[in-house]
Every structure is written in structure tokens, then in C-alpha cells.
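Asks: structure for this input, please:
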Amino acid sequence: AERDKQKVDITIPKEKLDPFKSYSVYMILRDRSGNLTEIQEISLVADAKPPLVTVIPEGDKKVRPDFGDITATLRLNSNEKGRVHYILREEGQKLQEVTAAYIRTAGRAADMRQGMNDIKIAGMLPHRHYVLYVAVEDTFGNITMKESTDLNEGEDKPDGEDMIFEFFSDGTRPHFIIPKGFDQPVVLADDDGVTFRVTFNESIYGSNGYFDPANPDALPNFFEIKGAEGAEWSFSSLIKKNALGQNEVDKDGNLVLEKQPYDPRELVIKFKAAPKKDFSVIVNKEMVDNKFAKLPFADANEAVYKYQDSNLRVSYAVLQNQKIVDNIATSKELSVLVEGSRKGAFLNIYYVVINEADESITPDHVKNNKKPNKVNEKFEIHGKSELGDVATELQLTAPKDQVFKEGQLIYMVTEDEYGTLIMLKPTAIKSETK
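Replies: A predicted model of the protein is given here:
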């Protein structure tokens, strides 16, 4: 060989090289005197094929939105390691004549290992239509948008369609919202004692997933209210009302929604009289959230209301450290003993004190401190306390500028964990000397 740089051609039969593997060439040089160089390794890249990947769908969804609706998962199986590149576009912003090279330049990327991969797709908003453009690249820079029909290597692979997937960003199954303090779905009572509510995380559209804002509750076989004979039900409205209580429409005549279909929505159940037994709301599990995601209702498909009766009574209401004013015993302090049997968890007890009996007072009046048949007028003495497990002796203090008086009546109302209000028999306040 001559001095200076030399080019040496090495002939390697093509049929002996695997196009999906890389090789090394080892060389030594010897001069005219017989001196040898150290062994030199030169990498020979024979891999000129892009990765073979198959996308693993869940049902008919190749892109699986996650719970929470702001990320999604693309599950794919690859015959070699490398990188996954992707571009996410909302519907209406589709790319034209997109290429793998463009996705690599303009998109996001995640590592890809040989075998199964779960690629997290971020940057989404809930309940939107998206298009995902995907390209895969091996460690030698071979890149493709095409999916492979299998992972068996061959000269004509990958041989599938371009990895362009349309999907709807909703991965949260419809379900009951569980109130704080409970470990299962429940129906809660309003203060009026005849209205009950259970809250869904979003609107439910029926078995075909079709939503019509003008008729949102046409849901045959959607649910059953078990044990609530004669009750009427309705969903809280999604439609915005104008000052006259009419449905509001935009300039094109379309209904204006006050809430979006994926906002929490209440089912309101109304009785003619306060129920004194358990009932439940059972959702048909074939119901879905919308026609795009078609996610079935959650496994916990029953919300319950438990009527927790009580046989509580006020055993006494006695003044403490009293004073006699105009021949009437008065005091800032009142001792009240509440005892008796009860079923369930009773959380609070409310009370008002009045001078004369009033049969129009309801539990709602006592809890919310509002006089019956009066507008924005409150009781002079009103308070709230907690109940013990067996018997509770309450030490009450009259508010500023007020005192308890012998002969007054104390009205007390208990509240259980379901919101049920039960009023105890009114009790007369007595002097501590009697």
C-alpha cells in the first residue's frame, strides 16, 4: 500500500447480512518491516429498516384516553428499541401531507423499548376530538409512520397503514359522585324533607349515547328508583334560562347551555311527604356517557338512602345560675339532656327557643334559623351542637342581649349523615328550683 490515506473495498455477501442487525469489522495493518498495529474495530451498520410496531387497541380504540380526560395511552409492541414521535392536533387543525420526518422535527418524543410500550400522550383538554400522528424511529435513525401487521421481519415490512388516529378525550366512566364521609354512592336529603338529590359526575345520554339538549331526559330504562313509589324525578337543567324563565337561544337559534354535558349533574327526586323508609337509585349498566366515548356506567351503579329513625327525647331543659326578674326565672345558661334510642349516625342537633308554641315550625325552620311565614326574619335564640353516642347533656349559652326564661319552649332537630331532619317534641324550660 502507498503512503497517505488509502481506500480499501471489503466485499461481504449481502445474503449473509441481516438487514435488521448491525455488525463490526476488525482490522490490523502491517508495514513492510512486519510491524503490526493494534486491532481496530469499525462499526458496520446494516440496519436500514425502520422499527416494526403493532398498536395494541382496547376494544375499538387504538388511543385509550385515561381517567381524568387530559392524557391518553398509546400501547404498542416494537421489535427494537428507539423513540416514538407524535403530534397531537385538535379536530379542525389536521395536518396536510404529514411525513415521519416532520413529526420527528415538530412533535414530542418518548423512549421506546423492545417489546411492549405504554406511551403517554399529554397536552389534551377534556371532551375534545383529537387526531394523533405517530412515527417510530430506531437507534440508527430509520423512521416510519407505518404500522406493521406483525413483528415478523421481512423485506416488505412495515406494511400497514399510517399511524394517524382519531379519538375523543374522555377516559372517565360515568359514575355517582360520593359525598365526603361516605365510601359508597348515596342519596342525600334536602332540608325540606321531601326533596332528595344524587349527583352524577356528568350527563348520561342513554344506550345509544345520543344527547339532545332540547330533550335531555328522554332516557327509557336509564335507571330505577327502587322503594320510592309515587316520587317524581328530574335532572337539573343544562339549559340557560332568561329572565322570564324561558330557554335561552343564541343568534342561530341554538339552545345555550348553562352547564356543559360533562359537568356534574344532579338527579332530583321529590316526594309528596317525607319518606320513612330506605330507597335507592339503580342505573342500568348499559347506559353510556356519550356517543363518542361510549363508556359504560361504573360498577358502583346503586346510590342508597337509608332512613335512620330515632326515638330521642328531651328529658329536661333546666336553667342554671338563674336570676329572678319580674317573678320570672331567667339565665344565660341552660342545661338540656337529650337521650333515647336511634339508628344510624346522627351528626348535629339544632335548636331554637321561643315564647309560645308554634305548630307551623318545621325542621327546616329550626336548622336554618328562619321564622315560618316571615321573610328574612330569624329567631332570637338559635344554635347548633353535636350529639353524643348514648345521652347528651348540652350546656347552652344564650346569645348577646338574650336570656333563657322559665316557660319558654325549646324546639330541637337532629340531622343524620344522609341529611334527614327529625324534630323532637318541644320542651318547656324549667327553673332550676323546680
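
Asks: contacts, neighbours, all on C-alpha from now
Replies: Will do.

Asks: hey, where'd the helices end up in the stretch 1-150 of the chain?
Replies: Secondary structure of the stretch 1-150 of the chain (DSSP state H, counting those that start in this stretch): helices at 100-106.

Asks: tell me which helix or strand of this structure sits lowest on mean pLDDT?
Replies: strand 40-45 (a mean of 61; mean pLDDT, DSSP states H and E).

Asks: what residues does stretch 102-121 touch?
Replies: Stretch 102-121 is touched from outside by 71-87, 133-135, with contacts defined as Cα atoms under 8 Å, 6 or more residues apart in numbering.

Asks: and for stretch 277-284?
Replies: Stretch 277-284 has contacts (Cα under 8 Å, 6+ apart) with 187, 221-228, 297, 301-307.

Asks: among these, which are in strands?
Replies: 223, 224, 225, 226, 302, 303, 304, 305 (DSSP state E).

Asks: as a markdown table, those with distance to residue 326, neighbour count and pLDDT would be great.
Replies: Listed next are the ones in strands among the contacts of stretch 277-284 as a markdown table, based on distance: Cα to Cα, whole Å; neighbours: other Cα atoms under 10 Å; pLDDT from 0 to 100:
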| residue | distance to residue 326 | neighbour count | pLDDT |
| --- | --- | --- | --- |
| 223 | 64 | 16 | 81 |
| 224 | 62 | 13 | 84 |
| 225 | 58 | 18 | 88 |
| 226 | 58 | 13 | 91 |
| 302 | 60 | 21 | 95 |
| 303 | 57 | 21 | 96 |
| 304 | 54 | 19 | 96 |
| 305 | 51 | 21 | 96 |
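
Asks: between those, which is closest to residue 274?
Replies: residue 305 (12.5 Å; Cα to Cα).

Asks: how much space separates residue 242 from residue 52?
Replies: 58 Å (Cα to Cα, to the nearest Å).

Asks: more crowded one of those two?
Replies: For residue 242 versus residue 52, neighbours defined as other Cα atoms under 10 Å are more numerous around residue 52 (26 against 10).

Asks: quick check: domain ranges of this structure?
Replies: 53-168, 173-307, 310-428 (automatic domain parsing).

Asks: adding distance to residue 33, write these out as CSV.
Replies: What follows is the domains of the chain, written out as CSV (distance: least, Cα to Cα, whole Å):
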stretch, distance to residue 33
domain 53-168, 40
domain 173-307, 78
domain 310-428, 99
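
Asks: closest one to residue 35 among those domains?
Replies: That would be domain 53-168 among the domains of the chain, by Cα to Cα, at 36.2 Å.

Asks: so residue 416 makes contact with residue 344?
Replies: Yes: here residue 416 reaches residue 344: they are 7.4 Å apart, a contact under Cα atoms under 8 Å.

Asks: need the overlap of contacts for these two.
Replies: residue 308.

Asks: give me the nearest residue to residue 95, chain neighbours excluded.
Replies: residue 89 (7.9 Å; Cα to Cα, 6 or more residues apart in numbering).

Asks: who touches that neighbour in this structure?
Replies: Per Cα under 8 Å, 6+ apart, neighbours of residue 89: 95, 130, 131, 132.

Asks: next one: residue 378
Replies: Contacts of residue 378 (Cα under 8 Å, 6+ apart): 369, 370, 371.

Asks: let me know the distance separating the closest residue to it other than its chain neighbours from residue 71.
Replies: Closest residue in space to residue 378, ignoring its immediate chain neighbours: residue 370 at 4.7 Å, by Cα to Cα, 6+ apart. In this view, residue 370 and residue 71 are 48 Å apart by Cα to Cα.

Asks: would you map the strands across the stretch 101-250 of the chain?
Replies: Under the criterion DSSP state E, counting those that start in this stretch, the stretch 101-250 of the chain contains strands at 108-112, 115-121, 129-138, 143-144, 164-168, 188-189, 195-200, 223-226, 232-235.

Asks: quick revisit: looking at residue 416 and residue 344, which one has more neighbours?
Replies: residue 416 (21 against 13).

Asks: so what's the more buried one bridging to?
Replies: residue 346 (DSSP bridges).

Asks: now do it against residue 133, distance only.
Replies: Residue 416 is 54 Å from residue 133, by Cα to Cα.

Asks: re earlier: may I see the ones in strands among the contacts of stretch 277-284 organised as a markdown table, with distance to residue 249 added?
Replies: Listed next are those as a markdown table, based on distance: Cα to Cα, whole Å:
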| residue | distance to residue 249 |
| --- | --- |
| 223 | 30 |
| 224 | 32 |
| 225 | 33 |
| 226 | 37 |
| 302 | 36 |
| 303 | 34 |
| 304 | 37 |
| 305 | 37 |
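
Asks: which among those residues gets closest to residue 28?
Replies: Nearest member of those to residue 28, counting by Cα to Cα, is residue 302, at 78.5 Å.

Asks: contacts only, for that closest one.
Replies: Counting by Cα under 8 Å, 6+ apart, the residues that residue 302 touches are 185, 280, 281, 282, 283.

Asks: list the contacts for the spatially most central residue of the chain?
Replies: Taking Cα atoms, centre = their mean, the centroid of the chain lies closest to residue 201, which sits 5.9 Å from it. Shown in contact with residue 201 (Cα under 8 Å, 6+ apart): 174, 175, 176, 177, 262, 263, 264, 265.

Asks: which parts of the helix or strand containing residue 395 are buried?
Replies: Assignment of secondary structure by DSSP states H and E places residue 395 within strand 392-397. Using 16 or more other Cα atoms under 10 Å as the test for burial, strand 392-397 gives 393, 394, 396, 397.

Asks: over to stretch 256-271?
Replies: 256, 257, 261, 262, 264, 265, 266, 267, 268, 269, 270, 271.

Asks: switch those residues over to JSON lines; also include distance to residue 288.
Replies: Converted to JSON lines, the buried residues of stretch 256-271 look like this (distance: Cα to Cα, whole Å):
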{"residue": "256", "distance to residue 288": "23"}
{"residue": "257", "distance to residue 288": "21"}
{"residue": "261", "distance to residue 288": "13"}
{"residue": "262", "distance to residue 288": "12"}
{"residue": "264", "distance to residue 288": "15"}
{"residue": "265", "distance to residue 288": "15"}
{"residue": "266", "distance to residue 288": "17"}
{"residue": "267", "distance to residue 288": "16"}
{"residue": "268", "distance to residue 288": "20"}
{"residue": "269", "distance to residue 288": "22"}
{"residue": "270", "distance to residue 288": "25"}
{"residue": "271", "distance to residue 288": "28"}
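
Asks: could you list the low-confidence segments of the stretch 101-250 of the chain?
Replies: Residue ranges of the stretch 101-250 of the chain with pLDDT under 70: 154-156, 205-221, 238.

Asks: and if we set it to 50?
Replies: Scanning the stretch 101-250 of the chain for pLDDT under 50 picks out 208-211, 213, 220.
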